[in-house]
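Student: No sequence on hand, only this structure:
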């Protein structure tokens, strides 16, 4: 896949012009993991230029808790001032800074909450950013890129230094996004230096249809054309315990990965809830780590748990 097909341009590392839609929203998301401690984490910056606010923060979970208030670290802002730029550096009032080292490929990250946590990381992409095709759910009216890469650095949490050396995902999106009308979404990915796999699906009570995504093998990236996401859920709490991804790419190659949950967090929104699960996958005979984001409307999630209870 060529850079022209991917469509990334250098200005995509910065805020984009907005329409007159009040709900314009632009996001910067980086994940990272410490698998040997079942730690997963996000740095997330959201910018609503028309509303004049920044939202987001840093969320770090492990296998000791799932609810936000019990996680090792949870800080999520909803209405801070807009970020500023110092050359290639985005400075967010949440405590995050994002430095563009190489457009579309390399970034230095920092997060400091002034009290409990100090994070310093570097991200280096395995592939160029891969665009979600226009009109494709879950962002049919927005632009969206995904990219996997290597993350190195450290976290200092409550005085303890935790080294980070992992492979993880980042994404970028910009366009209208409201806080109502969420349906179910499955966003599942895994990555190591040899392979990256991302799938988007529409979860059901049976086998889920994978409608888009991509596979990277070495330096070659190809889009997925079809596939399935089969999930085994906790009988009472409805979240993902195990899953299998089986997909076909545009060249007819079949890819199969099976995964087991290691830890998770519940990330609530205004009318939705996302269950983010650190997954240990097996693919091509190797152990590879990744994540499953299981998005529900709160009403549907409540109903599913009630039916299982």
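Tutor: That came through, no problem. Because the structure is predicted, anything quoted here is derived from the model rather than measured.
Student: hey, let's count contacts and neighbours off CA atoms from now on
Tutor: Will do.
Student: List the pairing partners of the strand ranked longest in the chain within its sheet, with orientation.
Tutor: Across the chain, the strand with the greatest residue count (assigned by DSSP state E) is strand 160-176. Sheet pairing of strand 160-176 (DSSP bridges) gives strand 24-34 (antiparallel), strand 143-157 (antiparallel).
Student: Point out the most buried one among the ones you listed.
Tutor: Comparing those on average neighbours per residue, with mean count of other CA atoms under 10 Å, the densest one is strand 24-34 at a mean of 22.
Student: Spatially nearest residue to residue 237, not counting backbone neighbours?
Tutor: Once flanking residues are discounted, residue 237 sits nearest to residue 305: 5.4 Å by CA to CA, 6 or more residues apart in numbering.
Student: check contacts around the one you found.
Tutor: Taking CA atoms under 8 Å, 6 or more residues apart in numbering as the definition of contact, the neighbours of residue 305 are 236-238.
Student: do residue 124 as well
Tutor: Taking CA under 8 Å, 6+ apart, one finds 105-107, 149-151 in contact with residue 124.
Student: still on that earlier bit, the residue nearest to residue 237 falls within a strand, correct?
Tutor: No. Under the criterion used here (DSSP: H, G, I helix; E, B strand; the rest coil), residue 305 is helix, not part of a strand.
Student: Tell me the buried residues within the contacts of residue 305.
Tutor: residue 238 (16 or more other CA atoms under 10 Å).
Student: which one of the contacts of residue 305 sits closest to residue 117?
Tutor: Proximity of the contacts of residue 305 to residue 117 (CA to CA) peaks at residue 237, which lies at 30.4 Å.
Student: Give me the phi and psi angles of that closest one.
Tutor: Residue 237 adopts backbone torsions of phi -100, psi -10, taken as degrees, to the nearest 10.
Student: Pretty sure it sits against residue 303.
Tutor: No. Here residue 237 lies out of contact with residue 303, judged by CA atoms under 8 Å, at a distance of 10.7 Å.
Student: between those two, what contacts are shared?
Tutor: Contacts common to residue 237 and residue 303, judged by CA under 8 Å, 6+ apart, are absent.
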